[in-house]
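[1] The following comprises the amino acid sequence and a computationally predicted model.
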Amino acid sequence: MSAVRKATIEDVEQITSVHMRSRIASYKAEINQIENELGYRTEFSDRWKKRITSDKHIVYLLERDSKVEVVVSISLENTPLLSHLYVDPSCWGMGHGTTLFQAIIPLLPEASKLNVWVLKNTEAEKFYQKMGFISTGNKEEKVCYGNKLNLRHYQIKSVSKSQRLATRK
């Protein structure tokens, strides 16, 4: 049985593993395998610890049988930014990302816009469009760990009271 809950420090190791497996499976053509090295794993773990303990982030996860399968992090600084949504590759296509995303909508400030920057990735872009995000047309290039990444900006217009209620049904 799947459960959605707020992430804790005790979840960091599993969250980091899901994060890394998802990135490698999704972007293997764009992200070097160097991220598998211990240094990057430690860096990612440290970042997750900071997010989980920060009052400026919402970090939730979906787990099944005590195994983390999906993690989401939203920064609440300025305009809310969906900074991370990672699904374990073994769970792709099962609807777990949708379930977790819909569970966090009621946690956002009402009438806020939710932004996300997405690597050029057809599956991720399809997911965000399905969730109601619209491309703003903005693009950005970023260098991350020696890789040139092409990002696209998406935004959900606003999180209304009716959207909040619809996600609770």
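    Okay, I see it. Numbering: from 1, shown residues only.

[2] Could I get the full set of helices for the protein?
    Applying DSSP state H to the chain gives helices spanning 12-27, 38-53, 96-104, 122-130, 161-168.

[3] closest one to residue 62 among the ones you listed?
    Closest of those to residue 62 is helix 96-104, at 4.4 Å (criterion: CB to CB). In this view, the C-beta of every residue, glycine as well, is placed from N, C-alpha and C.

[4] okay, the helices of the chain in JSON lines with mean pLDDT and mean neighbour count next?
    Shown next, in JSON lines, are these (pLDDT from 0 to 100; neighbours: other CB atoms under 10 Å):
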{"stretch": "helix 12-27", "mean pLDDT": "88", "mean neighbour count": "19"}
{"stretch": "helix 38-53", "mean pLDDT": "85", "mean neighbour count": "15"}
{"stretch": "helix 96-104", "mean pLDDT": "93", "mean neighbour count": "19"}
{"stretch": "helix 122-130", "mean pLDDT": "86", "mean neighbour count": "14"}
{"stretch": "helix 161-168", "mean pLDDT": "49", "mean neighbour count": "12"}
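
[5] got those helices as CSV, with distance to residue 150 columns?
    Shown next, in CSV, are the helices of the chain (distance: least, CB to CB, whole Å):
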stretch, distance to residue 150
helix 12-27, 11
helix 38-53, 21
helix 96-104, 22
helix 122-130, 12
helix 161-168, 30
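
[6] Tell me which of those helices lies nearest to residue 139.
    helix 122-130 (12.4 Å).

[7] so the closest one versus helix 96-104, what angle?
    On the basis of axes from the mean of the first three to the mean of the last three CA atoms, to 10 degrees, helix 122-130 is oriented at 30 degrees to helix 96-104.

[8] I figured residue 148 hits residue 141, correct?
    Yes - in terms of CB atoms under 8 Å, residue 148 counts as a neighbour of residue 141; the distance is 6.2 Å.

[9] ok, for residue 1, nearest residue in space, not its chain neighbours?
    residue 64 (6.8 Å; CB to CB, 6 or more residues apart in numbering).

[10] just residue 74 next, same as before
    Residue 74's closest residue in space is residue 58 (CB to CB, 6+ apart), at 4.5 Å.
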